[in-house]
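Q: okay, predicted coordinates and the sequence, questions at the end:
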Amino acid sequence: MRHMTWFRSLALFSIFLAMACSGGQRSDGGLDASVDAADASPTDAAEVDGSVDGSLDASVDASVDAGSDATTLPAYCRDGRRSGDETAIDCGGSCLGCDAGSACAFNRDCASGICDHAVCQSASCVDGTRSGDETAIDCGGSCLGCDAGSACAFNRDCASGICDHAVCQSASCVDGTLNGDETDVDCGGSCPSACRVGLGCAVDADCIDHVCRADLCIPAMCADGALSDTETDVDCGGEICDACGDGLRCVLDSDCASTRCLFSFCLASSCTNGVLDSGEADIDCGGACPLCPSGSRCTAATDCASGTCEGGSCVAGARSCFELFTADPSLPSGMYEIQPDPAGAIYGVYCDMTTDGGGWTLVASSLGETLNDERSDWYADLSRPVPTAAHTGIWDGL
């Protein structure tokens, strides 16, 4: 290899002498003149690179351009002027590769590995040359991952994400890596194994339970159209299913997509911003928001928790959910105000306007407790309008 390098240098030196003796005006520019002359024909330049540099660049690029440092390079590679076999100041030849735009004679003179018409070109992922930080032609490094069988240095150099013994490996469904058309590690896509609950998916078939929502596999019960034990409303809420939308039942704020649960219903985020938004009858109430308490502004009876809007204000009036329902059978189930005693307090209650003809007042509800067990320490709460603080997760109603 050293003999070939000497031969090429000798050839260039001969050209330099010939031009100097022929009356050339530049005594220090012989190399530039020879490069320009050699590159007058792109075909000739290609033949030189192919015949002389073809095998040389493969080893020299690796040993000089990629692996050399200032301590192993010739002293003239850092003298601040073009000397030795450099093609530009302190680069090219036996020195490190030159930056784009610098003069060059061969591909190995350039940091990018691309010398075109005696000028170093920028590295590119589509130039048909191994350049820049590529590990193979136009792939690896900062380019796209390489196909199986290509050279690599790290897993990220491979399209499969697997670099073993400096060679990219094929993707498989048992390699512990998310690759190929898998939707999660070694599952989904064309793999024989479907993905477990909580793993990534693209379609229902990617999941064990055959339910894919928002790119995640979820339990089948979260899409069966029925209210299960762990859900707060049909197919939503709880610790497993997705959060519920506005107006659906909830227990905790986390059960709601809006992260706001009030009176067992999910509120829209705009219903808690302290601003009178479009569609609201009063600040954060009426319209699509919770019903307004007595004394609030209203445009219709449906804006009021009492079910009565008089003179643009919500007023107490109904003594029960049934009375509300009788006055307006179109009222939906939800939280309303009633005043059992015309001279007494006003209570917020949940009215069921659909079951058995509608008009039912929720007196109490529980989660996993038996309401008629007189031995329970919370049984006395049934006689109170508001449960004791310790029992608020069990008791809910009038």
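A: Cool, the structure landed.

Q: and the closest residue to C207 other than its chain neighbours, what are its bridge partners?
A: Counting by Cβ to Cβ, 6 or more residues apart in numbering, C207 lies nearest to C217, which is 3.6 Å off, once chain neighbours are set aside. Where you see a C-beta, it was placed from the backbone N, CA and C, and this is true even at glycine. C217 has these beta-bridge partners by DSSP bridges: C212.

Q: quick one: neighbours of the closest residue to S150 other than its chain neighbours, just the number.
A: Distances taken as Cβ to Cβ, 6+ apart put A136 closest to S150, at 4.0 Å, once the chain neighbours are dropped. Using other Cβ atoms under 10 Å, A136 has 19 other residues around it.

Q: thinking again about what came up before, wait, the residue nearest to C207 touches C201, no?
A: Yes: assessed by Cβ atoms under 8 Å, C217 is found in contact with C201 at 4.9 Å.

Q: shared neighbours, these two?
A: Common neighbours of C217 and C201, using Cβ atoms under 8 Å, 6 or more residues apart in numbering, are C195, C207.

Q: bridged to the residue nearest to S150, which residues?
A: Under the criterion used (DSSP bridges), A136 bridges to C139.

Q: so what's it up against?
A: A136 makes contact with R130, C146, S150, A151, C152, according to Cβ under 8 Å, 6+ apart.

Q: S122 too?
A: With Cβ under 8 Å, 6+ apart, S122 has these contacts: A100, S112, I114.

Q: out of the residues you listed, who's the most crowded?
A: Of the contacts of S122, with other Cβ under 10 Å as the count, S112 tops at 24 neighbours.

Q: quick one on the thing from earlier: what's the burial count for the residue nearest to C207?
A: C217 - counted by other Cβ under 10 Å - has 25 other residues nearby.

Q: contact partners for it?
A: 194-201, 206-209, 211.

Q: check D352 too.
A: Neighbours of D352 in contact, by Cβ under 8 Å, 6+ apart: C321, S333, G358, G359, W360, T361, L362.

Q: export those as a markdown table, with columns for pLDDT, distance to S142 and secondary structure.
A: A markdown table is the format used below for the contacts of D352 (pLDDT from 0 to 100; distance: Cβ to Cβ, whole Å; DSSP: H, G, I helix; E, B strand; the rest coil):
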| residue | pLDDT | distance to S142 | secondary structure |
| --- | --- | --- | --- |
| C321 | 91 | 67 | helix |
| S333 | 87 | 59 | coil |
| G358 | 91 | 66 | coil |
| G359 | 91 | 69 | coil |
| W360 | 91 | 67 | strand |
| T361 | 87 | 68 | strand |
| L362 | 82 | 63 | coil |
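
Q: great, nothing more from me.
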